[in-house]
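J.: 3D model of this:
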Amino acid sequence: MANVPLNVLVLAVGSPLGQSIVKALQTSRLQPCIYVADIDDLAAGFYLPGVHPVILPLVKDSAYFECLTAYIEKHDIRAIFPVIGFEHEFFTEHAEHFRSAGVEILTSAPSVYQLCNDKYKSMMHLRSMGLDAPDTTLCRDDEEVEQFLERNVFPVFVKPRSAASSVDIFKVRNRDQLFGILRAFPRDYFVAQAFLDDMRDFTAGVYISRDRSFYGTLLIERELKFGLSYRGTVFEDDALSDYCLKVAEAISSYYSINVQFKIIEGRPYAYEINPRLSSTTSVRAYFGFNEPDMILHELQGKLGGYIMTKRYGRFTRYWQEHYLEGL
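T.: Numbering: from 1, shown residues only. Modelled structure (predicted):
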């Protein structure tokens, strides 16, 4: 895709992640023309400076494919950043159609996305590769759960097997609570996971190029509120960075992934891998680790001379309003 116009489309900009990607792109050295899409005209990302907004149907709407294709052709879009799960799934199915039209879909390989989206398989895969990760079990029947409880003590975590948010995550303190939750939902909905007893929580952006020649990480110790990294400290630690890179290599990822982990007895334990950019993308970009910028440089064949200028410090987040007068 060298020497083509950098018209870039970011989807779901009503979400914190979509807005975070846009903010990172606004500081890209390649200065792309940024188009943004959402289903709602009050999507906050529509009101970020310098963007070109469009309302598109829901991904599952029968008109979505035709509307998106027409918009891409009209505005010569060269690259698309999917954001929400439905979009990633849509482009997994239709990636070749868009790539044949010269549009790059900036997401993980389907195999990586499917592995990481399965909280059971991803943890078992890391453990099979010799990497520390919490004991995790399916909850399809009582026998599986009982075997897990023989290996672990309360509290334990119960979370959806496939999900990308903090919805339906429970810290369970006894058997009655555990089985009460499991029986209130379909039995294949949850996994149970060993509780990692560390008050601190960490997230890392990990970038690896397709040819594996370029890679890097940025580490954040964070506080969570509202399901997001609310504030935190950006720091450097070679051992933790090496662990996160090994996680990325174990799942054969390229572009960006997000590794969430805790530290137990001095060792990092990944408890979740998000096979995509994360809502702290803009934070990492500010501190010199701009993953959307790296992706665009890679698409343009310019990653070889890319120099990261990482910095370290703290951040906090706050709400900001945008007002539209009248009806």
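
J.: now for the closest residue to Leu303 other than its chain neighbours: which residues touch it?
T.: Taking C-beta to C-beta, 6 or more residues apart in numbering as the measure, Leu303 lies nearest to His297, with 4.7 Å between them; neighbours along the chain are not counted. No exception for glycine: its C-beta is placed from N, CA and C like everyone else's. Residues near His297 by C-beta atoms under 8 Å, 6 or more residues apart in numbering: Arg29, Leu30, Leu303, Tyr306.

J.: now the helix or strand hosting His297: buried residues?
T.: Taking DSSP states H and E as the criterion, His297 maps to helix 291-299. Buried residues in helix 291-299, counted by 16 or more other C-beta atoms under 10 Å: Glu291, Pro292, Asp293, Met294, Ile295, Leu296, His297, Glu298, Leu299.

J.: for stretch 154-162, same thing?
T.: The neighbour-count criterion (16+ other C-beta under 10 Å) identifies Pro155, Val156, Phe157, Val158, Lys159, Arg161, Ser162 as the buried residues of stretch 154-162.

J.: from Ile72, how far off is the third one?
T.: In this structure, Phe157 and Ile72 are 41 Å apart, going by C-beta to C-beta, to the nearest Å.

J.: specify the residue positioned farthest from the middle of this protein.
T.: With distances taken from the mean C-alpha point of the chain and given as C-alpha atoms, centre = their mean, the most distant residue is Gly326, at 36.6 Å.

J.: so that one, which of the three states?
T.: When states are read from DSSP: H, G, I helix; E, B strand; the rest coil, the local structure at Gly326 comes out as coil.

J.: for Pro134, same thing?
T.: Using three-state DSSP as the criterion, the local structure at Pro134 reads coil.

J.: again, but for Val234
T.: Each residue gets one of three states, and Val234 gets strand by three-state DSSP.

J.: just the pLDDT for it.
T.: Model confidence at Val234, given as pLDDT, is 98.

J.: not counting sequence-adjacent ones, nearest residue to Arg314?
T.: The shortest distance from Arg314 to any residue that is not its chain neighbour, by C-beta to C-beta, 6+ apart, is 5.0 Å, and that residue is Thr233.

J.: neighbours of the one you found, just the number please.
T.: If you count neighbours by other C-beta atoms under 10 Å, Thr233 ends up with 14.

J.: quickly list what it is bridged to.
T.: On the basis of DSSP bridges, Thr233 takes part in beta bridges with Glu221, Arg314.

J.: so what's it up against?
T.: With contacts taken as C-beta under 8 Å, 6+ apart, Thr233 has the following neighbours: Ile220, Glu221, Arg222, Gly313, Arg314.

J.: kindly reformat those as JSON lines containing pLDDT.
T.: Output for the contacts of Thr233, formatted as JSON lines (pLDDT from 0 to 100):
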{"residue": "Ile220", "pLDDT": "98"}
{"residue": "Glu221", "pLDDT": "98"}
{"residue": "Arg222", "pLDDT": "97"}
{"residue": "Gly313", "pLDDT": "98"}
{"residue": "Arg314", "pLDDT": "98"}
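
J.: so Pro88 sits in a strand?
T.: Wrong residue type there; residue 88 is His, not Pro. No. Judged by three-state DSSP, His88 forms no part of a strand; its state is helix.

J.: number of nearby residues for it?
T.: Neighbourhood size, His88 [other C-beta under 10 Å]: 22.

J.: again, but for Gly180
T.: Gly180: 11 surrounding residues under other C-beta under 10 Å.

J.: what residues sit buried inside the one helix or strand it maps to?
T.: When elements are defined using DSSP H and E, Gly180 is found to belong to helix 175-183. Within helix 175-183, the residues scored as buried using 16+ other C-beta under 10 Å are Gln177, Leu178, Ile181, Leu182.

J.: for it, packing partners?
T.: Counting by 3 or more C-beta pairs under 8 Å, 6 or more residues apart in numbering; DSSP states H and E, the packing neighbours recorded for helix 175-183 are helix 142-151, strand 156-160, strand 170-172, strand 190-194.

J.: with respect to Leu56, which of the ones you listed lies nearest?
T.: Ranking those by their distance to Leu56 (criterion: C-beta to C-beta) puts strand 156-160 first, at 26.9 Å.

J.: direction included, what does that closest one pair against?
T.: Taking DSSP bridges as the criterion, strand 156-160 forms sheet pairs with strand 170-172 (antiparallel), strand 190-194 (antiparallel).

J.: quick one: work out the angle between it and helix 175-183.
T.: Interaxial angle, strand 156-160 versus helix 175-183 (axes from the mean of the first three to the mean of the last three C-alpha atoms, to 10 degrees): 10 degrees.

J.: extract the C-alpha trace of strand 156-160 and format it as CSV.
T.: Listed in CSV are the C-alpha atoms of strand 156-160, where the atom choice follows Å, rounded to 0.1, in the frame of the first residue of the first chain:
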residue,chain,number,x,y,z
VAL,A,156,-12.4,-17.2,42.6
PHE,A,157,-13.5,-15.2,39.6
VAL,A,158,-16.4,-16.1,37.3
LYS,A,159,-16.5,-14.4,33.9
PRO,A,160,-18.1,-15.0,30.5
